[in-house]
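Peer 1: can you look at this prediction? I've put the sequence above it.
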2 protein chains.
Amino acid sequence: MANPTAAMLVIGDEILSGRTRDANMFYLAGELANHGIDLKEVRVVSDDAQAIVTAVTALSGGYDHIFTSGGIGPTHDDITADCIARAFDAPIDVRDDARAILEEHYRQNGRELNAARLRMARIPEGASLIENPVSSAPGFTLRNVHVMAGVPTVFQAMVASVLATIAGGAPLLSQTLRINRGEGEIADGLSAVAKAHPEVSIGCYPFQHNGAFGANVVVRSTDGRQIEAAMSDLASRLEL
Amino acid sequence: MANPTAAMLVIGDEILSGRTRDANMFYLAGELANHGIDLKEVRVVSDDAQAIVTAVTALSGGYDHIFTSGGIGPTHDDITADCIARAFDAPIDVRDDARAILEEHYRQNGRELNAARLRMARIPEGASLIENPVSSAPGFTLRNVHVMAGVPTVFQAMVASVLATIAGGAPLLSQTLRINRGEGEIADGLSAVAKAHPEVSIGCYPFQHNGAFGANVVVRSTDGRQIEAAMSDLASRLEL
């Protein structure tokens, strides 16, 4: 059976402006591979309502799971929850269960649950909450969209919460072979192996480092035996 | 006059599988900000022809410039050039000017320009070449799509070649104010400043570090005076 598919939507001017180097995409990609969910596409859009709604609508129709990152805090630029609600035509308002979580958190910290913070309890109707063990303000899942924070520590904790609730498939396995020859010299052998083993995915990534050059050949599959077979074929064709 | 807009398309299973942490998106975002081109969207897709063609078609119609990264080497998984040609219904074949560049490069290096390497001279009709001072195999520009290599050193050199040929606008400037208060305490002030200064973009990025927490407020605009005005308003409203 094929693995479930996924897409990620990163919401953040700070990525597009070059201020911040994305960390969440790299983290999620690794977790999904381990969990047997195939990440097929990532989009990064700015903090713009129309851009977010358009992307969520397109991705949600095309993949089994959508993971979003960013824009669910208390400030004016945090518009993700409202955009997700709009994409699914769902009403949104402060919800009692989310408010209770925030009340408890701020009570414990001796800080005020003011109007700005209460915005973080705005949850679309029909959504289930995603636990946030780091800073309490919850994410949520609406239909097949998992809405999470952009702060990497919080994002990572939420990914763990979500993955515990959804069924994955077989983990994506990979083996890498480092070859100290130019890509152009191994291309024919690689191509023959790719044709002979259509069930694995074979990528070739050239490197150049301190004057040495070569390529890393990565063979990926959910079946370890298929990877072994392709690797052994590769070694023989390239006379390694 | 508004700055030109741009999107980026990253082509690479190695990003989606979690093997590689993207570097090119971060680099391009910074360069475009300096060059006065507004990066509005990034998509990452796998080495899949249909996914690449669909994304190129969508992005090319929506933005002034599209920058792609990855998939233009000599191996079987390098299918970007053919996909770009297909997206624009342009014929593609080995082109003499690109072949001459490769011949010269491999002659100098005492290596053979074999059939696999010659694939890197496949250029869609109507495209202009993008210089590659690192490893010679050229990228190309077809219509508003700039097709570049995925290896970061080559990508960066190609970005420089392309940006020298296209008109930018006013560079995106930014100032950051680090505030040692929770987002929820400054949200109202921020929101008021955002409303009073619609010509700047204001982002708020919380941090939590060694028990200290707070937020970085980033004000962005192509006009330094507008940033100053918003910052000064912010300082006064937040009583800094």
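Peer 2: Sure thing, it's come through.

Peer 1: got the contact list for A:Val200?
Peer 2: Listed by Cβ atoms under 8 Å, 6 or more residues apart in numbering or on different chains, the contact partners of A:Val200 are A:219-221, A:226-227, A:230. Quick note: C-beta positions are derived from backbone N, CA and C, even for glycine.

Peer 1: mind redoing it with 6 Å?
Peer 2: Counting by Cβ atoms under 6 Å, 6 or more residues apart in numbering or on different chains, A:Val200 makes contact with A:219, A:221, A:226, A:230.

Peer 1: for these, which one is nearest A:Ser136?
Peer 2: Nearest to A:Ser136 among the contacts of A:Val200 is A:Ser221, at 40.3 Å by Cβ to Cβ.

Peer 1: hang on, the earlier thing: lowest pLDDT pick from the contacts of A:Val200?
Peer 2: Least confident of those in the model: A:Ser221, at 92.

Peer 1: quick check: which element contains A:Val219?
Peer 2: Using DSSP states H and E, the element containing A:Val219 is strand A:212-221.

Peer 1: same question, A:Val44
Peer 2: Using DSSP H and E, A:Val44 maps to strand A:38-45.

Peer 1: which other helices and strands does that strand contact?
Peer 2: For strand A:38-45, the contact count by 3 or more Cβ pairs under 6 Å, 6 or more residues apart in numbering or on different chains; DSSP states H and E identifies strand A:5-11, helix A:24-35, helix A:49-62, strand B:38-45 as packing neighbours.

Peer 1: please identify which of those is closest to B:Met158.
Peer 2: Nearest of the helices and strands packed on strand A:38-45 to B:Met158, taken as Cβ to Cβ: strand B:38-45 at 16.3 Å.

Peer 1: which outside residues touch that closest one?
Peer 2: A:16, A:41-45, B:3, B:5-10, B:15, B:25, B:29, B:32, B:51-52, B:55.

Peer 1: write out the residues of chain A neighbouring chain B.
Peer 2: By Cβ under 6 Å from any Cβ of the partner chain, the residues of chain A that approach chain B are A:13-14, A:16-18, A:21, A:26, A:29-30, A:33, A:39, A:41-45, A:73-77, A:116-117, A:151, A:183-184, A:187-188, A:190-191, A:194, A:203-204, A:206.

Peer 1: among these, which lie within strands?
Peer 2: A:39, A:41-45, A:203-204, A:206 (DSSP state E).

Peer 1: and those residues as a markdown table, adding pLDDT and neighbour count?
Peer 2: Shown next, in a markdown table, are these (pLDDT from 0 to 100; neighbours: other Cβ atoms under 10 Å in any protein chain shown):
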| residue | pLDDT | neighbour count |
| --- | --- | --- |
| A:Leu39 | 97 | 27 |
| A:Glu41 | 98 | 23 |
| A:Val42 | 98 | 27 |
| A:Arg43 | 98 | 25 |
| A:Val44 | 98 | 29 |
| A:Val45 | 98 | 28 |
| A:Gly203 | 91 | 25 |
| A:Cys204 | 91 | 23 |
| A:Pro206 | 86 | 20 |
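
Peer 1: which stretches of chain A have low pLDDT?
Peer 2: Under the criterion pLDDT under 70, the flagged ranges of chain A are A:1.

Peer 1: distance of the residue nearest the centre of chain A from A:Ala51?
Peer 2: Nearest to the geometric centre of chain A sits A:Leu28, at 3.8 Å (Cα atoms, centre = their mean). Distance, A:Leu28 to A:Ala51, using Cβ to Cβ, to the nearest Å: 20 Å.

Peer 1: same check, this time on A:Gly203
Peer 2: Distance, A:Gly203 to A:Ala51, by Cβ to Cβ: 30 Å.

Peer 1: kindly report the same for A:Ala149.
Peer 2: For A:Ala149, the distance to A:Ala51 - Cβ to Cβ - is 19 Å.

Peer 1: quick one, which of these two is more surrounded?
Peer 2: A:Ala149 (29 against 18; other Cβ atoms under 10 Å in any protein chain shown).

Peer 1: phi, psi of the more buried one?
Peer 2: With angles defined as degrees, to the nearest 10, A:Ala149 sits at phi -80, psi 160.

Peer 1: residues in contact with it?
Peer 2: Contacts of A:Ala149 (Cβ under 6 Å, 6+ apart): A:72, A:155.

Peer 1: try 10 Å this time
Peer 2: The contact partners of A:Ala149, by Cβ atoms under 10 Å, 6 or more residues apart in numbering or on different chains, come to A:24, A:68-73, A:78, A:80, A:120, A:130, A:132, A:134-135, A:137-139, A:155-158, B:206.

Peer 1: before we move on, what about A:Asn34?
Peer 2: Counting by Cβ under 10 Å, 6+ apart, A:Asn34 makes contact with A:163, A:168, A:171-173, B:18.

Peer 1: which residues touch the next helix or strand after the strand holding A:Val219?
Peer 2: Counting by DSSP H and E, the next helix or strand C-terminal to strand A:212-221 is helix A:224-237. By Cβ under 10 Å, 6+ apart, the residues outside helix A:224-237 that reach it are A:170-171, A:173-177, A:179, A:186, A:188-194, A:196-197, A:199-202, A:217-221, A:223, A:240.

Peer 1: how about 7 Å then?
Peer 2: With Cβ atoms under 7 Å, 6 or more residues apart in numbering or on different chains as the test, helix A:224-237 has contacts from A:173, A:175, A:177, A:189, A:192-193, A:196-197, A:199-200, A:202, A:217, A:219, A:221.

Peer 1: now that helix against strand A:212-221, angle please.
Peer 2: 150 degrees (axes from the mean of the first three to the mean of the last three Cα atoms, to 10 degrees).

Peer 1: tell me which residues of helix A:224-237 are tucked away?
Peer 2: By 16 or more other Cβ atoms under 10 Å in any protein chain shown, the buried positions in helix A:224-237 come out as A:226-227, A:229-231, A:233-234, A:237.

Peer 1: what do you get for stretch A:115-129?
Peer 2: Using 16+ other Cβ under 10 Å as the test for burial, stretch A:115-129 gives A:116-124, A:127, A:129.

Peer 1: just the CA coordinates for that stretch, please, in PDB.
Peer 2: Only the C-alpha atoms of stretch A:115-129 are listed here, as PDB (Å, rounded to 0.1, in the frame of the first residue of the first chain):
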ATOM      1  CA  ALA A 115      -7.200  40.400  24.600                       C
ATOM      2  CA  ALA A 116      -4.100  39.900  22.400                       C
ATOM      3  CA  ARG A 117      -3.300  36.600  24.100                       C
ATOM      4  CA  LEU A 118      -6.900  35.500  23.900                       C
ATOM      5  CA  ARG A 119      -6.700  35.700  20.100                       C
ATOM      6  CA  MET A 120      -4.600  32.500  20.400                       C
ATOM      7  CA  ALA A 121      -7.800  30.700  21.600                       C
ATOM      8  CA  ARG A 122      -9.500  31.500  18.300                       C
ATOM      9  CA  ILE A 123     -10.100  28.000  16.800                       C
ATOM     10  CA  PRO A 124     -12.200  27.200  13.800                       C
ATOM     11  CA  GLU A 125     -15.400  25.200  14.400                       C
ATOM     12  CA  GLY A 126     -14.800  21.500  14.000                       C
ATOM     13  CA  ALA A 127     -11.100  21.600  14.700                       C
ATOM     14  CA  SER A 128      -9.300  19.500  17.300                       C
ATOM     15  CA  LEU A 129      -6.500  21.000  19.400                       C
END
